[in-house]
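Enquirer: coords please:
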Amino acid sequence: MKNHVNGQVMASAEPPTSLGELRQHVLLPLIGNPLFSEAEQLRANHFVHESEDIARLTRWGANVLAEIARRRAEAAGQRRHHTLCATLRRLRPTSFRGHRPRKREPRLTWVPGAFFPDCADRWAGTFDRWATALFQPTHTIPYAQLLRR
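Expert: Take a look at the predicted model:
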């Protein structure tokens, strides 16, 4: 039921007596509410008109009111956040450029046959040196030799 003073949707004090009134009571705060998308409103309308269980509709109506309150609080928090960010942007001196991330250093790539990067060849064992000496790139190995491996 809409309040005649400010047009806000108000929960009525008297409980609905019939299934039709209950459906109307459940859909009233939901339909036309900007906090819900059109798809959500259509699904809700379909659910309410398909459901015949009064207890389920009553619970669902209470859940809708709780969801409206949660979304209003979330929207208010977002408004506060955007307002704070805009204020900080205005207060920031023009000479301040903001945060610039550090340039990423290129990742070292090791080429077989070369020394290990970062002096890691000091810790390389005999097997490592032997494996690098015998390494052949795949494109240089003949197909028949690949099949034998």
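Enquirer: Which secondary structure element is home to residue 65?
Expert: Under the criterion DSSP states H and E, the helix or strand holding residue 65 is helix 54-91.
Enquirer: other SSEs contacting that helix?
Expert: helix 19-27, helix 38-50 (3 or more C-beta pairs under 8 Å, 6 or more residues apart in numbering; DSSP states H and E). In short, each C-beta sits where N, CA and C put it, glycine included.
Enquirer: looking only at pLDDT, what's the mean for it?
Expert: Taken as a whole, helix 54-91 has an average pLDDT of 89.
Enquirer: quick one: buried residues of that helix?
Expert: When burial is assessed from 16 or more other C-beta atoms under 10 Å, helix 54-91 yields the following buried residues: 57, 60-61, 64, 68.
Enquirer: and the angle from that helix to helix 19-27?
Expert: 20 degrees (axes from the mean of the first three to the mean of the last three C-alpha atoms, to 10 degrees).
Enquirer: Under the pLDDT cut-off, which ranges of this structure? List them.
Expert: Where the chain drops to pLDDT under 70, the residues are 1-16, 93-101, 107-127, 129, 133, 136, 138, 141, 146, 149.
Enquirer: Please export the C-alpha coordinates of the helix or strand hosting residue 147 as CSV.
Expert: Take DSSP H and E as the rule and residue 147 turns out to sit in helix 143-148. Taking only C-alpha atoms (Å, rounded to 0.1, in the frame of the first residue of the first chain), the coordinates of helix 143-148 have been written out as CSV:
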residue,chain,number,x,y,z
TYR,A,143,61.1,-37.9,-37.2
ALA,A,144,62.4,-41.4,-37.1
GLN,A,145,64.6,-40.6,-34.1
LEU,A,146,61.5,-39.1,-32.3
LEU,A,147,59.7,-42.4,-32.8
ARG,A,148,62.5,-44.3,-31.2
